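Student: let me see the structure of the following:
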Amino acid sequence: MFTSVLMIEKALTSADVEFVTTLHGDEPVSFHVLLQPRGDQADRLLRAIDDIALGELDEAARERETPEGKDAAVLGEQALAVSLTALRGSGSQAEGRLIEDHPLDALRALVEETGADEVIVLTDPHYVEEFFHRDWASRARHKVGVPVLKLFSHSKA
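Tutor: Numbering: from 1, shown residues only. The predicted structure is shown next:
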């Protein structure tokens, strides 16, 4: 069985589930999902810039309304539960947890704990972070010791 650590920031859509569960053909995959709830207010500016770059001005204006930090944990738990149910519904094994510490430390620890074969980072585009190679996938490639695949979410959750 192939073991993947799947790092996400929101609930998986049905298109996302199909995408990640078919990456390895018919080989069975076990997913260990890490979900990063929304960060603190310092991340809000980067998200607003990304929204503007995507032409989503309304989204940029609503960034203030989105729960941050600890307030986002409840929504994170719900998104994680939805994602795990969808992965299991597709026939994959799946377990997961919210990231409570630094995301890359949590990722490295989970890769070591599970003996993962790969890391899949599935997010919306983050143009500013990607341009400066500060996105999760770019930074993880230097920390986890297994291949890191960066994928973009197919649609909004």
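Student: Ala140 reaches Leu110, doesn't it?
Tutor: No. Ala140 is beyond contact range of Leu110, at 11.2 Å (criterion: CB atoms under 8 Å). (Glycine included, C-beta is placed from N, CA and C.)
Student: wasn't Phe31 part of a strand?
Tutor: Yes. Checked against DSSP: H, G, I helix; E, B strand; the rest coil, Phe31 lies within a strand.
Student: how much space between it and His142?
Tutor: To His142, Phe31 is 23 Å away according to CB to CB, to the nearest Å.
Student: which one's more surrounded, the two?
Tutor: Neighbour tally, Phe31 and His142, criterion other CB atoms under 10 Å: the higher count belongs to Phe31, 26 against 10.
Student: neighbours of the nearest residue to the more buried one once chain neighbours are set aside, how many?
Tutor: The shortest distance from Phe31 to any non-neighbouring residue, by CB to CB, 6 or more residues apart in numbering, is to Ala94 (4.4 Å). Neighbour count for Ala94, taken as other CB under 10 Å: 22.
Student: before we move on, what about Val20?
Tutor: Val20: 23 surrounding residues under other CB under 10 Å.
Student: which residues are in contact with it?
Tutor: Counting by CB atoms under 8 Å, 6 or more residues apart in numbering, Val20 touches 4, 6, 12, 31, 87, 120, 122, 151.
Student: measure it to Leu6 for me?
Tutor: 6 Å.
Student: hey, where'd the helices end up in the chain?
Tutor: 14-21, 41-53, 57-62, 73-89, 103-114, 127-131, 136-140 (DSSP state H).
Student: tell me where this protein is predicted with low confidence.
Tutor: 38-72, 125-136, 155-157 (pLDDT under 70).
Student: mind doing that once more with 80?
Tutor: Scanning the chain with the threshold set as pLDDT under 80 gives 37-73, 101, 124-139, 154-157.
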